[in-house]
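A.B. asks: Here's a sequence, model it:
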Amino acid sequence: MINDQKPRCGWCGHAEDYQHYHDTVWGRPELDPQRLFEKLCLDGQQAGLSWITILRKQENFRQAFYDFDPTKIVAMSDRERQALVTNKGIIRHRGKIDAIFSNAQAYLALEQQGMSFDRFIWQFVDGRPLRHQRQSFTEIPTETETSKAMSKALKKAGFRFVGPTICYAFMQAVGLVNDHLVACHCHQEVDQLMQHTEVQV
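C.D. replies: Got it, this is the predicted structure:
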């Protein structure tokens, strides 16, 4: 446990790795297309599980999927793909594993159409993060009209495990929205980062 007594969003609990993720990653605007792709894939892996389970396997996923480089993922051999099902370091779910390959193909297809993945994702907030002032968890939705629109567009583009709830969790994590509670010590810092974030879409 990080023994600093800082007020945090309650969902990160007392585990040091979870608190570190909350303090340094969650809610901070992510502009790198490959890192956005990674997070979307990992959020899909979370379906039916807790995020801490995926977080603790993140490095294993990176090793198994070439640091989420879509070009390298689609080039993986049949033998490599088959080995993933028995890889205890990741989620051994055939559908979820196959989804990462589908998502890599969809990512590259967007690029071939002249659409970078960062622009594709950030277009749903017009290139500027939504800076919320949440006072309590009861104010935070599990999905929004924006996450529904993102989900629909991602599915149309060929992505899988991208339902509206997964998309909103993704939006929270990569800083399209600031859902740190106002009382959280990260809220103001993230809000300031967002003031200076703009993506041309």
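
A.B. asks: residue nearest the centroid of this protein?
C.D. replies: residue 39 (3.1 Å; Cα atoms, centre = their mean).

A.B. asks: contacting residues for that residue?
C.D. replies: By Cβ atoms under 8 Å, 6 or more residues apart in numbering, the contact set of residue 39 is 30, 170, 173, 174. C-betas here are computed from N, CA, C, even on glycine.

A.B. asks: and those as a markdown table, adding pLDDT, secondary structure and distance to residue 159?
C.D. replies: What follows is those, written out as a markdown table (pLDDT from 0 to 100; DSSP: H, G, I helix; E, B strand; the rest coil; distance: Cβ to Cβ, whole Å):
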| residue | pLDDT | secondary structure | distance to residue 159 |
| --- | --- | --- | --- |
| 30 | 98 | coil | 17 |
| 170 | 98 | helix | 11 |
| 173 | 98 | helix | 16 |
| 174 | 98 | coil | 15 |
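
A.B. asks: Filter these down to just the buried residues.
C.D. replies: Buried members of the contacts of residue 39, scored by 16 or more other Cβ atoms under 10 Å, are 30, 170, 173, 174.

A.B. asks: For residue 5, see how far away the nearest residue to the first one once chain neighbours are set aside is.
C.D. replies: Nearest non-adjacent residue to residue 30, counting by Cβ to Cβ, 6 or more residues apart in numbering: residue 174, 4.0 Å away. When Cβ to Cβ, to the nearest Å is applied, the distance between residue 174 and residue 5 equals 28 Å.

A.B. asks: go on, residue 49?
C.D. replies: Distance from residue 49 to residue 5, by Cβ to Cβ: 30 Å.

A.B. asks: how about the strands of the chain, start to end?
C.D. replies: Secondary structure of the chain by DSSP state E: the strands cover 130-131, 177-178.

A.B. asks: mind checking how far the first one is from the chain centre?
C.D. replies: From the chain centre to the centre of strand 130-131 is a distance of 17 Å (Cα atoms, centre = their mean, to the nearest Å).

A.B. asks: what residues are up against residue 18?
C.D. replies: 12, 52, 55.
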